[in-house]
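> Pasting the sequence and the predicted coordinates here, then a few questions.
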Amino acid sequence: MDLFLNFMAGKLLQADPELLDIVRNDQSYQVFEGNSPLLTPGGREFIHPSERVARLIITDLMYRNGNAEPDLSAPWLYVYQKDLFEPSGDPFAGAWTGLLANDPFVMLKTSGRNDVRAFSPEDQLFGFAFLTLSELIRRINVFINSRMGEILSEDADQHPFPQILRMCYDQFSNEQKVAVQVLSDVHQSHLTLPVLHVAGIISPLEYAKGLIALKIGAEESLPGVLPGLVRVKDYLECLDQVADEGSQAAALIREGENDLIEFKSTLRWDIRAGKTNQAVERASLKTIAAFLNSAGGTLLIGVADDGSIEGIERDKFVNEDKFLLHLWTLIRACLGRDVSPCIRTTLEKTDEKTICLVRCRRSNRPVFLRQPGFDEDFYIRIGPSSNAMDISEALKYIADHFPGR
């Protein structure tokens, strides 16, 4: 698809290594060049709640030693996410069917076509290719078997691999999805190799050898491919540490409401009426549904529209466990039990008040809000709000964004 290469064409990331520094702002860390924030080519700041990620970005910039061209280092993965992925939505969302159709491993598993046999027995690298691809197929089988319990389709005639591959991708964070897209684009490696690499199913060396075995990359390209794969892996491993490094809510509140972030003061308590209200519950549910139908996002419950912290304590539950139980009961009852793998909830304490973060990843099927006492609706994100679509609009959106539905 050439997404990364086309988007980055002509873009440069200029920075003087001697002027780079990290400045802490509350619970986040920002990269500065001299006295000014360092900006992406699209004008967005390099800021992250993890000091480790900020240090990785700044050291990568220093190590490149003035090389401003796009590569697979942390700064450019960050640029792609902030300048393209988040403002425009997931570029892979509407291209998934085409990506699957051209993937040699998907073709092998679903149709039996042995398109992964890139070398003939007469080729010098036949033995290398046979062993490499055999191991990759073995790893794919392990991956499929480990996720069989999560698949939704009961069609015995349909191989589960495409569904499992999509389900795994949908459960990735935005950073992981960006890594899949960039690897797929730069190496023309389709979907299976990037997804398995990002998921930790195969190693950087197995990925690189797979490119050679499929004749996607030449043998002499191996030394050049490996450093990029290691940099991607390093970036993702640093991101795994974010949850242990302090408040995520504070960084999201500072960013403000947008197409990927929304605040709700309470889950069920009507502040004006002084009682619980199903309409208040619906406000959170429609936001979650819209995130699931769009590019994902995070709902913060316990935060007012102006960013002030109300805390879930205002919902007057006996304890936090009761709050989460009620929230998950609403989600499963009104959105469907099968959306659970796409949603993650965490609680954070700030100034003795509790914020609930509901992180949503894009669903692999259209999600309708079916709440007793209300009409059934289909929501998507349009800018910083969740909008219901009429029937004709919803059908067209589903056809465009959920192929095969």
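Now that the structure is in, tell me what you want to look at. Residues are numbered from 1 along each chain as shown.

> isn't Arg381 right next to Leu292, touching?
No - applying C-beta atoms under 8 Å, one finds Arg381 not in contact with Leu292, separated by 9.8 Å. Where you see a C-beta, it was placed from the backbone N, CA and C, and this is true even at glycine.

> For these two, work out which one has more neighbours and name it.
Per other C-beta atoms under 10 Å, whichever of Arg381 and Leu292 has more neighbours is Leu292, with 29 against 23.

> just checking, the more buried one touches Pro341?
No - using C-beta under 8 Å, Leu292 makes no contact with Pro341, being 11.0 Å away.

> Neighbours of Lys286, how many?
For Lys286, the neighbour count with other C-beta under 10 Å is 23.

> okay, and for the stretch 51-200 of the chain, where does confidence drop off?
In the predicted model of the stretch 51-200 of the chain, residues 64-69, 112-121, 150-157 satisfy pLDDT under 70.

> count of residues packed around Gly302?
By other C-beta under 10 Å, 26 other residues sit near Gly302.

> sec struct for Glu122, please.
The three-state label given to Glu122 by DSSP: H, G, I helix; E, B strand; the rest coil is coil.

> what's near enough to touch it?
Residues counted as contacts of Glu122 (C-beta atoms under 8 Å, 6 or more residues apart in numbering): none.

> Same question for Arg359.
296, 298, 343-346.

> now swap in Pro384 and tell me
Contacts for Pro384 (C-beta under 8 Å, 6+ apart) come out as 257-259, 261-262.

> Name the member of those residues with the most neighbours.
Tallying neighbours with other C-beta under 10 Å puts Glu262 at the head of the contacts of Pro384, with 27 neighbours.

> and it, what element?
strand 261-264 (DSSP states H and E).

> Format the CA atom coordinates belonging to that strand as CSV.
Only the C-alpha atoms of strand 261-264 are listed here, as CSV (Å, rounded to 0.1, in the frame of the first residue of the first chain):
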residue,chain,number,x,y,z
ILE,A,261,-10.5,10.8,24.0
GLU,A,262,-13.8,11.6,25.8
PHE,A,263,-14.6,12.6,29.4
LYS,A,264,-17.7,11.7,31.4
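
> quick revisit: can you add pLDDT and distance to Leu236 and give the contacts of Pro384 back as a markdown table?
Shown next, in a markdown table, are these (pLDDT from 0 to 100; distance: C-beta to C-beta, whole Å):
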| residue | pLDDT | distance to Leu236 |
| --- | --- | --- |
| Glu257 | 93 | 27 |
| Asn258 | 92 | 24 |
| Asp259 | 91 | 24 |
| Ile261 | 95 | 22 |
| Glu262 | 96 | 26 |
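
> Which one of those residues is nearest to Gln14?
Within the contacts of Pro384, the smallest distance to Gln14 is 27.0 Å, found for Asn258 (C-beta to C-beta).

> quick one, domains of the chain?
Taking automatic domain parsing as the domain assignment, the ranges for the chain are 3-88, 96-242, 248-401.

> where do the strands sit along the stretch 151-300 of the chain?
261-264, 269-270, 275-276, 297-301 (DSSP state E, counting those that start in this stretch).

> how about those strands, which one is nearest Pro204?
Pro204 lies closest to strand 297-301 among the strands of the stretch 151-300 of the chain, at 30.1 Å (C-beta to C-beta).

> What residues of the closest one count as buried?
297-301 (16 or more other C-beta atoms under 10 Å).

> For that strand, name the packing helices and strands.
helix 248-255, strand 261-264, helix 278-293, strand 353-360 (3 or more C-beta pairs under 8 Å, 6 or more residues apart in numbering; DSSP states H and E).

> So what's the gap between the third one and the chain middle?
In this case it means helix 278-293. Relative to the chain's own centre, helix 278-293 is displaced by 20 Å; criterion: C-alpha atoms, centre = their mean, to the nearest Å.

> cool, stretch 43-60 as well?
Chain-centre distance of stretch 43-60: 18 Å, with C-alpha atoms, centre = their mean.

> Equivalent analysis for stretch 335-354, please.
16 Å.

> returning to what we had before: as CSV, the contacts of Pro384 with distance to Asp377 would be great.
What follows is the contacts of Pro384, written out as CSV (distance: C-beta to C-beta, whole Å):
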residue, distance to Asp377
Glu257, 21
Asn258, 22
Asp259, 19
Ile261, 21
Glu262, 17
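
> just those now: which is nearest Ser88?
Asp259 (9.7 Å).

> Is the closest one in contact with Arg381, as I believe?
Yes - here Asp259 reaches Arg381: they are 5.1 Å apart, a contact under C-beta under 8 Å.

> Give the residues shared as contacts by the two.
Taking C-beta under 8 Å, 6+ apart as the criterion, Asp259 and Arg381 both touch 294-295, 297.
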